[in-house]
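> quick check, what structure comes out for this input:
(chains A and B)
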Number of protein chains: 2
Amino acid sequence: MKRMLMLATACLATATVVAAGEQAGPWEALPTVAPAPADNPTTPEKVTLGKMLYFDPRMSSTGTVSCFSCHNVMEGGDDHRPTSIGVHGQKGGRNAPTVWNAAFLSAQFWDGRAPTLEEQAKGPPANPIEMGMKDLSAVVQRIRSIPGYRPYFEAAFGKGDVITMENIARAIAAYERTLITPDSPYDRYVKGDKSALTAQQVRGMKTFESIGCTACHQGALFSGPRLPAGQGFFVKFPTFPDSPYVSKYNLMQDKGRFEATKAAGDEHMWRVPTLRNLTYTAPYMHNGAVKTLPEAVRVMASTQLNRSLSDAEVNDIVAFLESLTGPFPEQSMPRLPPTPGELLVE
Amino acid sequence: MKRMLMLATACLATATVVAAGEQAGPWEALPTVAPAPADNPTTPEKVTLGKMLYFDPRMSSTGTVSCFSCHNVMEGGDDHRPTSIGVHGQKGGRNAPTVWNAAFLSAQFWDGRAPTLEEQAKGPPANPIEMGMKDLSAVVQRIRSIPGYRPYFEAAFGKGDVITMENIARAIAAYERTLITPDSPYDRYVKGDKSALTAQQVRGMKTFESIGCTACHQGALFSGPRLPAGQGFFVKFPTFPDSPYVSKYNLMQDKGRFEATKAAGDEHMWRVPTLRNLTYTAPYMHNGAVKTLPEAVRVMASTQLNRSLSDAEVNDIVAFLESLTGPFPEQSMPRLPPTPGELLVE
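Numbering: from 1, shown residues only, chains lettered A, B, ... in the order given. As a prediction, this is how the structure comes out:
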C-alpha cells in the first residue's frame, strides 16, 4: 500500500503534463516516420547535410569530437561509457543518452532542458567539456571556413546567408529524425505477428505491466505519454531513496532537472528515458553506474516500485526488453569536405 | 650544379633499394586493386570484419579512439590536425599519414618502421599516447569480451581460437586494401583521357617533372618506385638544411627514421609520402607545420631542390596536385556489436 501511495505521488508530480498530452495505450508500436516541426520539415537535402555535420569532428575546438563520438550510430547511439569524454580528455557528468529514436521524445537531455532536437544540437558544441568551441558563433565560423559545405547548405536552405547556427541545428535534427528503429520484434508483435516474441518475452511483457513499470515506461518509446514538444515527462528518481541501490550506485548525487531549473520541485526529477535498444546502451542510469540490464531491472524495481524481483521475473523482463532492439537502418557514410589549410585547430 | 649533386647524393642513399625494386615510368596510373600478401588474401568476410574493427573505439583504453579517429575515411584518411590526439587528450608527435592508398606503400609510418599494413595495425592500439591499451593481449581480450564479434571472426578465419592480434590486424589490413582512389583525373589522363586535366594541370605536371620533383615523388603513388614489402623508399629531408623554411617550420627537430633505428645514416631520413589526395590532407609535413598546399610546394622546392619557384610555377604544380584527388569509393557504415555491460572502460 505504501508502495502504491509513493508511486501515485511520483505520478502526481507530472499529472498536469500527462493530462495535456495524448494518452496512449500501453502497447504501442513505433511510428515508421518521425514527426518534424512545422518550421523544419525533413528533406533529403537537409538529411544529407545533417549527416555530414553529425560526423564532422571539426564541430569541436580540437577537431576530434563530433556528435558521432558520443552518439555512435554504428552501435547504440551512445558511447558505451559511464559518462562521456569530450575535448582534452575531459569527462562529462552524465551517461550519453541514445540518439536512436530521440526524434520521438518531447524533451531532450536527461533533464529535458531542450524542447527539440534542434535546440539539443546547440548544446554540446559550445559546452567546454564536450566539444569546447568558444561559443556558437565560433561553430558557425568554423563551418563557414570550410568552403565545401556551402553548396550543401544552399541545396538544403536556399541561396544567401544560410550557414547559420539555426540551419546547422536544423540539418542535424533532420538527420536525427531518420535514426529510428520501428521494426523491432516488439513492434512486429504489437502489429499482429504473434510469433515475433518468444514465450518468455511475452511473459516478461506481462510482468513488466503487472508490477507497474508501465506507469512511467509507457508509449511507443516506453518513455511516457506522447506530449507536445517541450513538455517533458518527468519522474522522481529514486522514488524510494531508502533502496540499498541508491547508495550503492550513488543515485542521488546528481539532482537531475533541478541542476537546470534550480526549482525546488525539480530535485531528483528526470526525464523518463526510452527503453528501446537497451541491449546496446550499457551501462545504465544517468550516471552510468549500473553495468548490466538484469541489474538495471533490479535497481528500477527497488528504487521506483519498492519491489524485490525474483530471478525468474528479472530474466523474463530482460528478455522482453531485448525485444525492443533494432533493427537499425543501413546507412551510407557521408563524405566530408576538405579542410582548408588555413583553418586552425587547437 | 650543386643542387643536382646534392639531389644525387640524396638518391644514392637509396640506390640499392631502387635497384631492387621495379622501376616504373614517371606517369603511372594507380592499379584498381591493391595487392595483398600471400598469407592474407583479401576476402569480403575479412573486409567486413576489418571495417568493424577499424571503426570500433573499444580498441582503445578509454573506448573513445578508433583507427577512424585519426584516419578519417569520410575525409582525407587523416585527421586534419598538425599532430593527432589520442586517449586522455594527449598529443602525438607526427602528422597522421593518410590511410587512402596506404595499401600500395611498401613501408608504413613516416619512418617506414612497419613493413605491411598488418604490422602497422599493431602499432597504435598499444601506444600509450594513441589508443592507450596496456599491451596487444589487452586488445585481444577487449575484442574477445564482445561476443558479437565471434561470428565475424569465424566467417573470416574459420572456427576455433581465431580472435587473435594477428587476425585483428589481418582484417583491418584487408579493409584498408579497399581504401584506394584509382580513378582521379590524373589516372584518367594517364590512361588516355586527355580531357581529364586542364591546360594548367598539364603545365604543372611538366614543371613537376622538369624541376625534379619526380626524382622522389614517382610511381603511381608519387611515393617512389614500387618496392617489395618492407623496403621503404627513404630520402633525406631536408636535403638543403640551410633553407629558410627549415627553421621557420622546425623541420629538423624530429630525426625521422633515426628515431626508430638509431642508425646514424638514418638521421632525417623519411619515407617519401604519397601526393595523392593532398587537397584533403592539410596541414603538411611530418610535423604538420605547413598549412597550405602552395606553401608546401615552396617548402619542398627549397628544402629538396634548393629552388625558389615563381608564383606561376607554384600555382601550376598545385593545380596538377589537385588532379591526384579522389574520387573516393562509397561506403556503407559498419554495424558494431553491442558492449556487454560487464565490459569496463577506463
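> from here on, just use CA atoms for contacts and neighbour counts.
Noted.
> so chain A: which segments form each domain?
The record's domain split for chain A, according to automatic domain parsing, is A:2-30+A:181-322, A:44-176.
> next, count neighbours for residue A:241.
Neighbours of residue A:241 under the rule other CA atoms under 10 Å in any protein chain shown: 16.
> that one: which element?
Here residue A:241 sits in a region with no helix or strand, counting by DSSP states H and E.
> let's see the pLDDT reported for it.
The model reports residue A:241 with a pLDDT of 97.
> using TSV, please lay out the domains of chain A together with distance to residue B:223.
Shown next, in TSV, are the domains of chain A (distance: least, CA to CA, whole Å):
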stretch	distance to residue B:223
domain A:2-30+A:181-322	43
domain A:44-176	28
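> out of those domains, nearest to residue B:89?
domain A:44-176 (4.1 Å; CA to CA).
> now do that closest one: distance from first to last residue.
12 Å (CA to CA, to the nearest Å).
> pull up the residues of the stretch 1-150 of chain A that are close to chain B.
Where the stretch 1-150 of chain A comes near chain B, counting by CA under 8 Å from any CA of the partner chain, the residues are A:63-64, A:69, A:74-76, A:79-81, A:85, A:87-90.
> kindly recompute the last result at 7 Å.
A:74, A:75, A:80, A:81, A:87, A:88, A:89 (CA under 7 Å from any CA of the partner chain).
> from what I can see the first one touches residue B:332, true?
No: taking CA atoms under 7 Å as the contact criterion, residue A:74 and residue B:332 are not neighbours in contact, 10.4 Å apart.
> the two: who's more crowded?
residue A:74 (21 against 12).
> hey, which of the domains of chain A is tucked in deepest?
domain A:44-176 (a mean of 21; mean count of other CA atoms under 10 Å in any protein chain shown).
> and it, how far out from the chain middle?
14 Å (CA atoms, centre = their mean, to the nearest Å).
> give the residue spans of the stretch 1-150 of chain A that score low on pLDDT.
Low-confidence segments of the stretch 1-150 of chain A, defined by pLDDT under 70: A:1-25.
> what about residue A:270, which SS state?
Three-state call for residue A:270 (DSSP: H, G, I helix; E, B strand; the rest coil): strand.
> distance of it from residue A:258?
Counting by CA to CA, the gap from residue A:270 to residue A:258 is 9 Å.
> pLDDT on the helix or strand where residue A:204 lies, on average?
Residue A:204 belongs to helix A:199-210 when assigned by DSSP H and E. For helix A:199-210, mean pLDDT rounds to 98.
> which secondary structure elements does it sit against?
Helices and strands touching helix A:199-210, by 3 or more CA pairs under 7 Å, 6 or more residues apart in numbering or on different chains; DSSP states H and E, are helix A:311-322.
> could I get the average pLDDT for the helix it packs on?
Confidence for helix A:311-322, expressed as mean pLDDT, is 98.
> picking that back up, between the domains of chain A, which gets nearest to residue B:192?
domain A:44-176 (29.3 Å).
> ok, now which ones touch residue A:312?
Remark: with contacts taken as CA atoms under 7 Å, 6 or more residues apart in numbering or on different chains, residue A:312 is in contact with nothing.
> surely residue A:62 is in contact with residue B:80?
No: contact status for residue A:62 versus residue B:80: not in contact, 10.0 Å apart, counting by CA under 7 Å.
> nearest residue to residue A:171 other than its sequence neighbours?
residue A:50 (4.1 Å; CA to CA, 6 or more residues apart in numbering or on different chains).
> does the one you found count as helix, strand or coil?
Assigned with three-state DSSP, residue A:50 falls in the helix class.
> tell me the contacts of it?
Residue A:50 makes contact with A:171, A:172, A:174, A:175, according to CA under 7 Å, 6+ apart.
> and the last one, that one's in a helix?
This means residue A:175. Yes: applying three-state DSSP, one finds residue A:175 inside a helix.
> gap between residue A:194 and residue A:204?
For residue A:194, the distance to residue A:204 equals 15 Å [CA to CA].
> do the same with residue A:181
Counting by CA to CA, the gap from residue A:181 to residue A:204 is 21 Å.
> okay but residue A:59 is in contact with residue A:137, surely?
No: the criterion here is CA under 7 Å, and residue A:59 misses it with residue A:137 at 11.4 Å.
> hmm, residue A:92 and residue A:286 touching each other?
No: taking contacts as CA under 7 Å, residue A:286 lies outside contact range of residue A:92: 11.3 Å.
> now do the phi/psi pair for residue A:247.
Backbone torsions of residue A:247, given as degrees, to the nearest 10, read phi -80, psi -40.
> quick check: it vs residue A:200, distance?
Applying CA to CA, the value for residue A:247 to residue A:200 is 32 Å.
> quick one, helices of chain A?
A:2-12, A:15-20, A:44-54, A:67-70, A:117-121, A:136-144, A:150-157, A:165-176, A:185-190, A:199-210, A:244-248, A:257-261, A:293-305, A:311-322 (DSSP state H).
> dump those helices into JSON lines; add distance to residue B:323 as well.
What follows is those, written out as JSON lines (distance: least, CA to CA, whole Å):
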{"stretch": "helix A:2-12", "distance to residue B:323": "65"}
{"stretch": "helix A:15-20", "distance to residue B:323": "60"}
{"stretch": "helix A:44-54", "distance to residue B:323": "24"}
{"stretch": "helix A:67-70", "distance to residue B:323": "31"}
{"stretch": "helix A:117-121", "distance to residue B:323": "37"}
{"stretch": "helix A:136-144", "distance to residue B:323": "25"}
{"stretch": "helix A:150-157", "distance to residue B:323": "21"}
{"stretch": "helix A:165-176", "distance to residue B:323": "31"}
{"stretch": "helix A:185-190", "distance to residue B:323": "50"}
{"stretch": "helix A:199-210", "distance to residue B:323": "58"}
{"stretch": "helix A:244-248", "distance to residue B:323": "61"}
{"stretch": "helix A:257-261", "distance to residue B:323": "52"}
{"stretch": "helix A:293-305", "distance to residue B:323": "53"}
{"stretch": "helix A:311-322", "distance to residue B:323": "51"}
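> how about the contacts made by residue A:282?
The contact partners of residue A:282, taken as CA under 7 Å, 6+ apart, are A:80, A:291, A:292, B:339, B:340, B:341.
> then residue A:280?
Contacts for residue A:280 were tallied using CA under 7 Å, 6+ apart; they are A:75, A:76, B:338, B:339.
> and of these, the nearest to residue B:159?
For those, the closest approach to residue B:159 (CA to CA) belongs to residue B:338, at 21.4 Å.
> low-confidence ranges in the stretch 201-346 of chain A?
Along the stretch 201-346 of chain A, the parts satisfying pLDDT under 70 run over A:344, A:346.
> how about the residues of it by chain B?
Checking the stretch 201-346 of chain A against chain B by CA under 7 Å from any CA, the hits are A:279-280, A:282-283, A:291-292, A:331-342, A:345.
> one more pass at 6 Å, please.
Within the stretch 201-346 of chain A, the residues that sit near chain B (CA under 6 Å from any CA of the partner chain) are A:280, A:282-283, A:291-292, A:331-333, A:335-336, A:338, A:341-342.
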